[in-house]
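Colleague: Below are the sequence and a predicted model for it; my questions follow.
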Amino acid sequence: MQLRIRDLRDDNDLLQKHLAEYLHCKQQTYSRYETGEVEPPLEVMEKLALYYGTSVDYLMGLTNEKKPYPRR
């Protein structure tokens, strides 16, 4: 599965190291998430969606709508 996390990181001029620190993981682990070598756990996807202000569905490529869904 090709995630959009690399594109978002590049668009925001961030380093893998920065996001790895935010997620409390090694930079190598984060790199594997970006390449698709390792599927990130749901908790990681949720944290990234919150960080970027988007939805997990957007990160996964299930929608092109960047805005997160409204909370009920």
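Modeller: Nice, thanks for sending it over. The structure displayed is predicted, hence computed values, not measured ones.

Colleague: Can you get me a residue count around residue 33?
Modeller: Counted with other Cβ atoms under 10 Å, the neighbours of residue 33 add up to 23. For the C-beta atoms, the positions are set from N, CA and C on the backbone; glycine is no exception.

Colleague: Packing partners of the strand or helix carrying it?
Modeller: Residue 33 is part of helix 27-35, with elements assigned from DSSP states H and E. For helix 27-35, the elements it packs on are helix 5-11, helix 16-23, judged by 3 or more Cβ pairs under 8 Å, 6 or more residues apart in numbering; DSSP states H and E.

Colleague: Pipe those helices into TSV and attach distance to residue 37, mean pLDDT and mean neighbour count per row.
Modeller: Compiled in TSV, these are given as follows (distance: least, Cβ to Cβ, whole Å; pLDDT from 0 to 100; neighbours: other Cβ atoms under 10 Å):
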stretch	distance to residue 37	mean pLDDT	mean neighbour count
helix 5-11	12	96	15
helix 16-23	13	97	16
